[in-house]
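[1] structure for the following, please:
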Amino acid sequence: MSLLYRIRWLSPADAIQRVLSASVHTTTSEPKTHFKITLRRSAIGLGEKKKETLVSLGLHRRMQTVYHPHTPEAGGKILKVKELVEVENVPASAVRTQEQQRQERKAPRGYAVAGSRVRALQWERTRWQ
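    Numbering: from 1, shown residues only. As a prediction, the model looks like this:
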């Protein structure tokens with residue numbers, strides 16, 4: 001018994017359309033307008049063109065996340081490095097700047113400043129002089 005598989009090559013535009021159409025079937029009403037791209041694998045040992053593609057996407061180190069709007073240019077770059085990155089479709093409200101991402105990663109302080117002893121010490125120094 002032989003099994004036949006039909007293999008069809010997809011152009012980059014068709015591949016992007018397939019990814020976008022797959023994400024449209026979610027229940028959220030807000031349209032997905034951006035790619036959330038996270039570098040999962042290192043580019044060490046790869047060719048210069050792949051490294052330059054990662055730099056043009058704004059990815060410099062592992063586990064770094066950047067956001068790009070849905071454009072053919074961004075889609076083509078993602079397809080060139082698809083083995084190294086993880087891509088999600090997100091709405092515009094989910095896009096975070098680098099500073100916002102940094103603040104989300106920070107741990108809470110764990111303490112609150114009740115008062116400052118520095119001012120009390122300054123008062124004592126001036127009182128004894």
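
[2] need the strands for this protein, in chain order.
    32-39, 65-69, 85-91 (DSSP state E).

[3] so of those strands, which one's packed in deepest?
    The highest average neighbour count among the strands of the chain, using mean count of other C-beta atoms under 10 Å, belongs to strand 32-39 at a mean of 19. (C-beta placed from N, C-alpha, C; glycine too.)

[4] list the neighbouring strands of it plus their orientation.
    Its sheet considered, strand 32-39 pairs with strand 65-69 (antiparallel), strand 85-91 (antiparallel) by DSSP bridges.

[5] ok, Glu86 to Arg62 distance?
    Counting by C-beta to C-beta, to the nearest Å, the gap from Glu86 to Arg62 is 11 Å.

[6] can you list the strands of the chain in TSV and add mean pLDDT?
    TSV is the format used below for those (pLDDT from 0 to 100):
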stretch	mean pLDDT
strand 32-39	96
strand 65-69	96
strand 85-91	95
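
[7] CSV for the ones you listed, including distance to Leu79?
    Listed next are these as CSV, based on distance: least, C-beta to C-beta, whole Å:
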stretch, distance to Leu79
strand 32-39, 11
strand 65-69, 13
strand 85-91, 10
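
[8] and Tyr39, how far from Leu59?
    Wrong residue type there; residue 39 is Leu, not Tyr. Using C-beta to C-beta, we find Leu39 at a distance of 4 Å from Leu59.

[9] identify the contacts common to the two.
    The contact sets of Leu39 and Leu59 overlap at Val85 (C-beta atoms under 8 Å, 6 or more residues apart in numbering).

[10] sorry, back to before: among the strands paired with strand 32-39, which comes closest to Thr97?
    For the strands paired with strand 32-39, distance to Thr97 was read as C-beta to C-beta. The smallest value, 8.6 Å, belongs to strand 65-69.

[11] CA-only coordinates of that closest one, as CSV, when you get a sec.
    Extracted C-alpha coordinates of strand 65-69, given in CSV (Å, rounded to 0.1, in the frame of the first residue of the first chain):
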residue,chain,number,x,y,z
THR,A,65,11.4,40.2,22.0
VAL,A,66,10.5,42.9,19.4
TYR,A,67,7.3,43.9,17.8
HIS,A,68,6.8,44.7,14.1
PRO,A,69,3.6,45.6,12.1
